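>>> Got a sequence here, can you build the structure:
(one chain, ligands or ions: 1)
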Amino acid sequence: MNEGAKAAVEVVDLGKTYGSGPTAVRALKGISLGFAGGEFAAIMGPSGSGKSTLLHILGALEEPSSGRVVIGGTELSGLSDKKLTLLRRARMGFVFQAYNLIPTLTSEENVMLPVLISGEGTAKYEERLDELFSLVGLGKRRSHRPDELSGGEQQRVAIARALVRGPDLILADEPTGNLDSKTGAGVLDLLRESAARYGQTVVMVTHDARAAAVADRVVFLADGKVVDEAREPDADEIFERIRTLESAG
Ligand SMILES: Nc1ncnc2c1ncn2[C@@H]1O[C@H](COP(=O)(O)OP(=O)(O)OP(=O)(O)O)[C@@H](O)[C@H]1O
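I've put the predicted structure just below:
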């Protein structure tokens, strides 16, 4: 983030404890981070370090136990469920492992779902749809339903759906996990371009050092804390840092 730039997304002293008493798990132990508009950040760390928990809290899908989350100047704590739902719909795009595509709808209808839900007219999206389907390489699959698509193709439909309305914040959980390397590279390009060209903030959890190397910045978590950060690191450097963290755990 530029010096003095206002963070598009900010978390301050974030804590999350699951359960209570002797079986309580402290998944996050005081995380403070800011992500600027147009920044593409990767979150890495050993299994159980709190990556998904952080992503879910950023997406207002889970509440923190302590600390603050501010998205585009709006503090999430205290917002009603209805307001949180509206905020998610208006400003966030999710690329998660469970694609949550509607089985009875075609690819194109699935991608347009956020537009239909928003009540915005569909007309102005015609060009955007062409562009997205061509970017995710599914130009010939627009009228296919999810059960007629491979896992990787479904993943790409979910990505197009997350991007269609140009959300301020894109949250991605292992977005290349299911994809062959060529398609995975295409998805990373798409996320990178969303940040660089459209000023969207992208936060991506990944175990893949090569995927993280496409990001502007990599944040390393271990045991619920931020333990390291790197700007534009290459894959070898990321791989080394992760190996050190994993052997320390
Ligand atoms: N709903 C839950 N109830 C209880 N404990 C949970 C819950 N969700 C996560 N945890 C625990 O919180 C800790 C952090 O989990 P989290 O899923 O955020 O880690 P992660 O870094 O995403 O792991 P992975 O790389 O394996 O997906 C783990 O110890 C996990 O077991």
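
>>> Show me where this protein has its helices.
51-58, 81-91, 107-118, 126-135, 151-163, 181-198, 209-212, 235-248 (DSSP state H).

>>> Next, the contact list for residue 118, please.
Residue 118 makes contacts with 89, 90, 165, as judged by CB atoms under 8 Å, 6 or more residues apart in numbering. Heads up, the C-betas are built off the backbone N, CA and C, glycines and all.

>>> same check, this time on residue 157
Per CB under 8 Å, 6+ apart, neighbours of residue 157: 99, 101, 107, 110, 111, 136, 138, 141, 146, 149.

>>> Okay, and the beta partners of the residue nearest the centre of the chain?
For the chain, the residue nearest the mean C-alpha position is residue 171 (1.5 Å; CA atoms, centre = their mean). Residue 171 has these beta-bridge partners by DSSP bridges: residue 94, residue 203.

>>> pLDDT at it, what is it?
According to the per-residue confidence, residue 171 scores 95 in pLDDT.

>>> what do you get for residue 186?
pLDDT, the model's per-residue confidence, is 82 for residue 186.

>>> so how many other residues sit close to it?
Residue crowding around residue 186 was assessed by other CB atoms under 10 Å; the count is 17.

>>> hang on, the earlier thing: so the residue nearest to the centre of the chain touches residue 57, yeah?
No: with the criterion set as CB atoms under 8 Å, residue 171 and residue 57 do not qualify as a contacting pair; they are 10.2 Å apart.

>>> pLDDT below threshold where in the chain?
Applying pLDDT under 70 to the predicted model, the residue ranges of the chain that meet it are 1-7, 98.

>>> For residue 107, give me its contacts.
Taking CB under 8 Å, 6+ apart, we find residue 107 in contact with 133, 138, 141, 142, 143, 144, 145, 146, 149, 157, 160.

>>> Next, count neighbours for residue 141.
Residue 141: 20 neighbours (other CB under 10 Å).

>>> Would you agree it is in contact with residue 153?
Yes: using CB under 8 Å, residue 141 and residue 153 qualify as a contacting pair, with a distance of 6.2 Å.

>>> circling back: and which of the contacts of residue 118 is nearest to residue 35?
When these are compared for distance to residue 35 (CB to CB), residue 90 wins out at 17.9 Å.

>>> any idea how far the closest one lies from residue 70?
Residue 90 sits 16 Å away from residue 70 when distances are taken as CB to CB, to the nearest Å.

>>> quick one: which of those two has more around it?
Counted by other CB under 10 Å, residue 90 and residue 70 do not tie: residue 70 has more neighbours, with 17 against 13.

>>> Pairing partners for the closest residue to that one other than its chain neighbours in the sheet, please.
The spatially closest residue to residue 70, leaving aside those adjacent along the chain, is residue 10, at 4.5 Å (CB to CB, 6 or more residues apart in numbering). Partner residues in beta bridges with residue 10: residue 34, residue 70, with DSSP bridges as the criterion.

>>> what's the neighbour count on the residue nearest to residue 175 when sequence neighbours are not counted?
The shortest distance from residue 175 to any residue that is not its chain neighbour, by CB to CB, 6+ apart, is 4.7 Å, and that residue is residue 95. When counting by other CB under 10 Å, one arrives at 25 neighbours for residue 95.

>>> Cheers, nothing more for now.
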